[in-house]
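**Student:** Quick one, fold the following:
(one chain, ligands or ions: 1)
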Amino acid sequence: MRRVLITGVTGFAGSHLVDYLLTRNDCEIHGIWRWRSRTENIEHLKPSDMQLHECDLRDATSTFDTINKIKPDWIFHLAAQSFVPTSWVAPTESLTTNILAQVNIFEAVRRLGLKTRIQLACSSEEYGMVFPDEVPIKETNPLRPLSPYAVSKVAQDMLGYQYWMSWKVDSVRTRGFNHEGPRRGPVFVASDFAKQIADIEKGKKAPVLHVGNLEAKRDFTDVRDMVRAYVLALEKCEPGEVYNICRGRCWTIREVLDMLLAQTKAKIEVKQDPARLRPSDVQILLGDNSKFVKATGWEPVIPFEQTLRDMLEHWRSR
Ligand code: GDD
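**Tutor:** Have a look, this model is predicted:
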């Protein structure tokens, strides 16, 4: 049985990764949590499904001890401060959390002399400012990050490269484009809109849906396809390499809003909230997934329309 450690297991992608690994029945699953972590995303799991370890990845001792105890064959490093706007409010917190955790994991694996393969959840946000003649974006595109969050992900990405070159610590850097689905945190755009609609339907909120920049374009994949891709990355991809994971199709946020509004009978007014506009928004993320598809044979199978339906149902049922 392969020993697998998932950081960020109580989060959105982490919890879906556990669900997927359980269907494969070929690994012993370990997850990391902090005493104040919310656990609603993993409450459906049985105690025998996964072993939970208390660990703070920003603390080198805590990270070292946990990795030493588990000695994982694979690590999926999904834990992060992942909400872009928060990184302008508290840039130091986003940078230290994301970069320190990465260094602490690499140092633990290096010092212990483990042969662990590590998947790094890097991000399409790293591309940042993308010019019209650069889409669909390849891995070779310049990185022009537009938020402290994006800078923190560039740092994680470059650390992956550097630890491979310096120490042969084996990681695969996955630049994940936007992914959505049930359990998505309510601050991210599709989940935020779906929750507002569900709250309006229940009469918990006045029939006004607040939005930010509707002109931005994002390449959306279902989280359940995304976590399958993370596993394939460790099964089939080259150490030290970087891969885009995306559908290769983008939608404006206005289109996402319209697709969600088409699924409700409620009469809803849409209003822009200036507080939801960003100091510098990434206008377009449309990826080229051919390098990853060639290496793994992966293809996304869940249509975005279904992802949005599932998200709305998730909020309606809560
Ligand atoms: N959150 C939010 N709320 N975004 C809005 C809103 C709103 O009310 N209205 C418009 N948007 C726009 C944002 O300005 C942005 O252009 C787009 O919707 C997507 O915003 P988010 O869902 O917050 O995601 P993100 O693209 O900033 O970042 C997500 O994807 C990255 C990968 O590309 C996060 O999951 C990151 O952690 C991830 O790395």
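**Student:** Phi, psi for the nearest residue to residue 149 once chain neighbours are set aside please.
**Tutor:** In space, residue 149 comes closest to residue 87 once its chain neighbours are excluded; the distance is 3.6 Å by C-beta to C-beta, 6 or more residues apart in numbering. C-betas here are computed from N, CA, C, even on glycine. Main-chain torsions, residue 87, degrees, to the nearest 10: phi -70, psi -20.
**Student:** How many neighbouring residues does residue 87 have?
**Tutor:** Neighbours of residue 87 under the rule other C-beta atoms under 10 Å: 24.
**Student:** Same question for residue 2.
**Tutor:** Count around residue 2 with other C-beta under 10 Å applied: 14.
**Student:** ditto for residue 256
**Tutor:** Using other C-beta under 10 Å, the number of residues around residue 256 comes to 24.
**Student:** doesn't residue 305 make contact with it?
**Tutor:** No - using C-beta atoms under 8 Å, residue 256 is not in contact with residue 305, being 10.6 Å away.
**Student:** near the ligand at all, stretch 68-82?
**Tutor:** Yes - for stretch 68-82 and the ligand, the contact criterion (C-beta under 6 Å from any ligand atom) is met by residue 82.
**Student:** Quick check, pLDDT for residue 35.
**Tutor:** With respect to pLDDT, residue 35 scores 86.
**Student:** let me fix that: residue 29
**Tutor:** Reported pLDDT at residue 29 in the predicted model: 98.
**Student:** Can you check my assumption that it lies in a helix?
**Tutor:** No - counting by DSSP: H, G, I helix; E, B strand; the rest coil, residue 29 is not part of a helix but strand.
**Student:** And for the residue nearest to it when sequence neighbours are not counted, the neighbour number?
**Tutor:** Of all residues beyond its chain neighbours, the one nearest residue 29 is residue 50 (4.3 Å), with distances taken as C-beta to C-beta, 6+ apart. Counted with other C-beta under 10 Å, residues neighbouring residue 50 total 19.
**Student:** which stretch of helix or strand covers residue 239?
**Tutor:** Following DSSP states H and E, one finds residue 239 outside all helices and strands.
**Student:** Would you list the phi and psi of it?
**Tutor:** Main-chain dihedrals, residue 239, degrees, to the nearest 10: phi -60, psi 140.
**Student:** who's in contact with it?
**Tutor:** 117, 164, 168, 170-172 (C-beta atoms under 8 Å, 6 or more residues apart in numbering).
**Student:** for residue 97, same thing?
**Tutor:** 58, 80-81, 152 are the contacts of residue 97 under C-beta under 8 Å, 6+ apart.
**Student:** does residue 28 really touch residue 6, like I thought?
**Tutor:** No - counting by C-beta under 8 Å, residue 28 sits too far from residue 6 to count as a contact (11.6 Å).
**Student:** who has more neighbours, the two?
**Tutor:** For residue 28 versus residue 6, the count of surrounding residues by other C-beta under 10 Å is larger for residue 6: 28 against 15.
**Student:** mind listing what the more buried one touches?
**Tutor:** Residues near residue 6 by C-beta under 8 Å, 6+ apart: 14, 17-18, 29-32, 75-76, 78.
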